[in-house]
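Peer 1: Here is the input, now give the coordinates:
(2 chains)
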Amino acid sequence: MSRVIEVENLTRTFGHFKAVDNISFTVEKGEIFGFLGANGAGKTTAIKMLTGILEPTSGRGKVAGFDIITERNKLKFKIGYMSQKFSLYEDLTLKENIGFYGGIYGLRKREIAERTKKMIVRLQLGNIENTLISEIPLGWKQKIAFSVATLHHPDIVFLDEPTSGVDPITRRQFWNLIYQAADKGITVFVTTHYMDEAEYCDRISMMVRGKIAAMGTLDELLLKHTAKDMDEVFLKLARD
Amino acid sequence: MRTFLAFIKKEFKHIFRDKRTLLILFGMPIVQVLLFGFAITTEIKDGKMAVLDLAKNRMSQQYISKITSSGYFILEENLKNYSQIEKSFKRGTIKIALVIPEKFAENLGNNNSSIVQVIADASDPNMANMLTSYLSGISNSFAIENRLVPKIPIKIESKMLYNTENKSVFMFVPGVMTIILMLVSAMMTSITVAREKEIGTMEILLVSPLKPAIIIIGKVLPYLVLSLINAFTILMLGFLVFGMPMEGSRILLFLEILLFIVTSLSLGILISTIAQTQQTAMMMSLMGLMLPTILLSGFIFPIESMPRILQILSNVIPAKWFIIIIKSIMLKGVGIRVVWKETLILTGTSLLFILMTIKKFKIRME
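Peer 2: Presented below is the predicted three-dimensional model:
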């Protein structure tokens, strides 16, 4: 197993506020790594540094083998990203959205057409290639957004609160997609504030006020904190 | 290059799918030019007038018909006494009232002078001023025609240079073009960037291999093209419909228009680095750009007659310099040797905005 994310003492301050405070961790290839924490715990700031759009105040990190500060231009081809807001353009059709994302990652027309076809079959979307995204139901959009984020076959895909505001059934289906991606060797780095989603992850890190308060598999964390579920773990950690 | 083309293609799709954007882009320039050209003229015709003729003789009749035949006045009412004057004003049927005294002819005959009273409705001060000055002009020529005055010692023979017919549309075409270019370039670009931030796609773009500079150029380029098309449409309307002259070099005009578009675009991008939502971007553009541009550029209100402080303030409005350049080239036919100062100011402003944008963008990225 090789390490696809290595982070050492990563810190980011905004003025006097330490949004991310000296965090270190590693993620293995093909792993589903859950990045848990309450809103404002520093998850998004951490993701921004890992994806190379925010410079750390101190510390260093490597993602997909590239340095997040000095090699971020190369790094960007190796990662995919999906934010909590929709990353699709409502006024473009499904095909146009895919064409655009494929285009900015430098894919050729033929590759884009091929992958679009496969994706539609995989997601069982039927005949909606030329439908505007605004006319597609919410649950579908989420799945499409995920597939678009992995269109260029990245090594790692970063998902920032991908399931917020979605019904439980769609959430379950969405996690199936994540499993499929992980089976293909894509590493999944996912943030969420739904504590119950922790059980879907291979490994979990819990962020509290900019620091990683706990890290390990679900069972390890439950045992260590003598809790029956992640909610309890979170409450115990947050109280400290 | 492929990535850049994909980006540009997407931008044009956004523009052509949004009916509101299209309306602003293509409907507004035409409507504005036609409106300003036809409806808003600074010349007043057919001013409604009431006359209280207390003299009632040949002389006074001649005087009145001289006034009504000028084309500037319409005799709306013949009044019988003073008390009717105010009633007519309050009813709003007249804009100006003329009172001819009882001894009008006698006074003129005896001492070559008679006083007539003119009362104007100054709730519209511009109109009141113009009507009274028209009236005194007509009175003077009446006096000369009837040999009441031997000869006026200083006779002014005026010639309206560069706009012989004194057409206000020559003023409005450059003005409207300035406003539209500002609107399309600055406001629309700031809104489109803010839109990406609002719907969350900006993060996706930043995470993607697209370089920030490419994102900005990709955002700006479609609007540059559209602004040029708009400028062309407005100029064509000016030439074909209103007979606007084109005395100077076309190439220089094109370059100056291009320069102003770049100034506006850089302003728009600067706004979009600050504004997080489309709403804010629009408010900032409207209040911060459009209003000062319309009020202080000299487009509608002459800068020379503004209070000193506003005159100084008008210097930071890029539109002011652009209007000077455009009018000089189109109406006076001058070259770069005359408008180099204004051109330099616009170039400097653009550079300043671009520099500020880069700085602001970096801070946000770090």
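Peer 1: now A:Gly103, nearest residue through space, not along the chain?
Peer 2: Excluding the flanking residues, the one nearest A:Gly103 by Cβ to Cβ, 6 or more residues apart in numbering or on different chains is B:Ala6, at 2.4 Å. Glycine gets a C-beta too; all of them are placed from N, C-alpha and C.
Peer 1: tell me the contacts of the one you found?
Peer 2: B:Ala6 is in contact with A:Gly99, A:Phe100, A:Gly102, A:Gly103, A:Ile104, counting by Cβ atoms under 8 Å, 6 or more residues apart in numbering or on different chains.
Peer 1: right, and out of those residues, which lies closest to B:Ile15?
Peer 2: Of all the contacts of B:Ala6, the one with the least separation from B:Ile15 (Cβ to Cβ) is A:Phe100, at 14.5 Å.
Peer 1: Skip ahead from the helix or strand harbouring that closest one and say which helix or strand is next.
Peer 2: With secondary structure defined by DSSP states H and E, A:Phe100 is part of helix A:94-104. Per DSSP H and E, the first helix or strand lying C-terminal to helix A:94-104 is helix A:109-123.
Peer 1: What is the distance between that next one and the centre of its chain?
Peer 2: Computed by Cα atoms, centre = their mean, to the nearest Å, the separation of helix A:109-123 from the middle of its chain amounts to 22 Å.
Peer 1: Show me what it is packed up against.
Peer 2: helix A:94-104, helix A:138-149 (3 or more Cβ pairs under 8 Å, 6 or more residues apart in numbering or on different chains; DSSP states H and E).
Peer 1: Excluding its own residues, what touches that helix? List them.
Peer 2: A:95, A:98-99, A:102-103, A:107, A:125-126, A:128-129, A:140, A:143-144, A:147, A:151, A:180.
Peer 1: and which of these is nearest chain B?
Peer 2: Nearest to chain B out of the contacts of helix A:109-123 is A:Gly103 (Cβ to the nearest Cβ; 2.4 Å).
Peer 1: thinking the closest one is in contact with B:Arg2, fair?
Peer 2: Yes - under the criterion of Cβ atoms under 8 Å, A:Gly103 is in contact with B:Arg2, at a separation of 6.3 Å.
Peer 1: before we move on, the earlier item: ChimeraX command to pick out the buried ones of the contacts of helix A:109-123?
Peer 2: Buried subset of those, written as a ChimeraX selection, criterion 16 or more other Cβ atoms under 10 Å in any protein chain shown:
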select /A:95,98,99,102,103,107,125,128,140,143,144,147,151
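Peer 1: quick one: the residue positioned nearest the centre of chain A from B:Ser208, how far?
Peer 2: The centroid of chain A falls nearest to A:Leu159 when counting by Cα atoms, centre = their mean (2.0 Å). Using Cβ to Cβ, to the nearest Å, we find A:Leu159 at a distance of 16 Å from B:Ser208.
Peer 1: A:Val190 now?
Peer 2: From A:Val190 over to B:Ser208 the distance is 19 Å, taken as Cβ to Cβ.
Peer 1: next one: B:Leu252
Peer 2: Taking Cβ to Cβ, one finds B:Leu252 at 40 Å from B:Ser208.
Peer 1: which one of the two has more residues nearby?
Peer 2: Neighbour totals were compared for B:Leu252 and B:Ser208, and B:Ser208 leads with 23 against 16 (other Cβ atoms under 10 Å in any protein chain shown).
Peer 1: so that one makes contact with A:Tyr105?
Peer 2: Yes - assessed by Cβ under 8 Å, B:Ser208 is found in contact with A:Tyr105 at 6.6 Å.
Peer 1: Pass me the low-pLDDT residue ranges in the stretch 51-200 of chain B, would you?
Peer 2: Low-confidence segments of the stretch 51-200 of chain B (pLDDT under 70): B:147-153, B:164-166.
Peer 1: ok and the residue in it nearest chain A?
Peer 2: B:Gly200 (2.8 Å).
Peer 1: Write out the residues of chain A neighbouring chain B.
Peer 2: Residues of chain A that fall close to chain B, judged by Cβ under 8 Å from any Cβ of the partner chain: A:51-55, A:73, A:76-77, A:79, A:81-92, A:96, A:99-106, A:108, A:158.
Peer 1: Let me know the pLDDT of the closest residue to A:Leu10 other than its chain neighbours.
Peer 2: Excluding the flanking residues, the one nearest A:Leu10 by Cβ to Cβ, 6+ apart is A:Gly59, at 3.9 Å. Listed pLDDT for A:Gly59 reads 93.
Peer 1: doesn't A:Gly59 fall inside a helix?
Peer 2: No - using DSSP: H, G, I helix; E, B strand; the rest coil, the assignment for A:Gly59 is strand, not a helix.
Peer 1: Please report how far it lies from A:Arg12.
Peer 2: From A:Gly59 over to A:Arg12 (counting by Cβ to Cβ), the distance is 9 Å.
Peer 1: Looking at those two, which is more packed in?
Peer 2: A count of neighbours by other Cβ under 10 Å puts A:Arg12 above the other of A:Gly59 and A:Arg12, at 23 against 18.
Peer 1: What is the helix or strand encompassing the more buried one packed up against?
Peer 2: Using DSSP H and E, A:Arg12 maps to strand A:3-14. Under the contact criterion of 3+ Cβ pairs under 8 Å, 6+ apart, strand A:3-14 touches strand A:17-28, helix A:43-50, strand A:58-63, strand A:187-192.
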